[in-house]
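*Asks:* let's see this in three dimensions:
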Amino acid sequence: MRIAFLIALTAALLFPAVAVAQAPDPWHDDLVDHLAGSWKMEGNVMGHPAHHDVHAEWVFNHQFLRIEEKTSAGAPTTERRYDAIWFLGYDAISERYVLHLMDQFGGRFSETLGYGVRNGNTIRFVFEYPDGPFHTTYKWDPEKNTWEWLMEQKDKNGKWTSFADLKLSKVPNP
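*Replies:* Below is the predicted model:
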């Protein structure tokens, strides 16, 4: 009895990851793959000009696209600075995209995940923030090799308003 217990304990200690879960195969998405790389982002955020650098790369066994966004070094000094990391993945069980934002504004807004569905070359994410719903839409234009990020929020009167309208242009490889 004691030997069987020791064998079971040894097996559990030596193979815990195998017993708990197998790592999924790398995730590949024909639309999201186009977002990998380096981009110049320009547009408006809350009615103010924005110039950001964006770099996206696959991480965690190709389960997430990590998107790093920050104010460009050459942006006007009057521009509000921004720094963020997004993690874009897909939940095959619920058949929806998942988007997690972590930025300089801290944990309050980072606790809410965005869930998205694809329609052609567009993925529309819905975030249910404590102060109201927020939409982030990623739209790929294959003819121009560009992305548009449109962000909308509900105002206090229940009307959808533009939070940000941004265009991403690919940075050529050196």
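*Asks:* quick check: which ranges of the protein have low pLDDT?
*Replies:* 1-21, 109, 174 (pLDDT under 70).
*Asks:* just the strands in it please.
*Replies:* Assigned by DSSP state E, the strands in the chain fall at 37-45, 48-59, 64-71, 83-91, 96-103, 114-119, 122-129, 132-141, 146-154, 160-170.
*Asks:* nearest to residue 27, out of those?
*Replies:* With distances scored as Cβ to Cβ, the stretch of the strands of the chain nearest to residue 27 is strand 83-91 (5.7 Å). Quick note: C-beta positions are derived from backbone N, CA and C, even for glycine.
*Asks:* could you export that closest one as PDB, CA atoms only?
*Replies:* Below are the C-alpha coordinates for strand 83-91, written out as PDB (Å, rounded to 0.1, in the frame of the first residue of the first chain):
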ATOM      1  CA  ASP A  83       2.100  53.200 -23.800                       C
ATOM      2  CA  ALA A  84       0.200  49.900 -24.000                       C
ATOM      3  CA  ILE A  85       0.400  46.200 -24.600                       C
ATOM      4  CA  TRP A  86      -2.500  44.200 -26.100                       C
ATOM      5  CA  PHE A  87      -2.700  40.400 -26.200                       C
ATOM      6  CA  LEU A  88      -4.900  39.100 -29.000                       C
ATOM      7  CA  GLY A  89      -5.900  35.400 -28.900                       C
ATOM      8  CA  TYR A  90      -8.700  33.100 -29.900                       C
ATOM      9  CA  ASP A  91     -10.900  30.800 -27.700                       C
END
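*Asks:* next, the angle from that strand to strand 48-59.
*Replies:* Angle between the axes of strand 83-91 and strand 48-59 is 50 degrees (criterion: axes from the mean of the first three to the mean of the last three Cα atoms, to 10 degrees).
*Asks:* run through who's touching strand 83-91.
*Replies:* When contacts are defined by Cβ atoms under 8 Å, 6 or more residues apart in numbering, strand 83-91 is touched by residues 27, 29, 32, 35, 59, 63-71, 96-104.
*Asks:* among these, name the buried ones.
*Replies:* Among the contacts of strand 83-91, those classed as buried by 16 or more other Cβ atoms under 10 Å are 27, 29, 32, 35, 64-67, 69-71, 96-99, 101.
*Asks:* residue 147 against residue 39, yeah?
*Replies:* Yes: taking contacts as Cβ atoms under 8 Å, residue 147 lies within contact range of residue 39: 7.2 Å.
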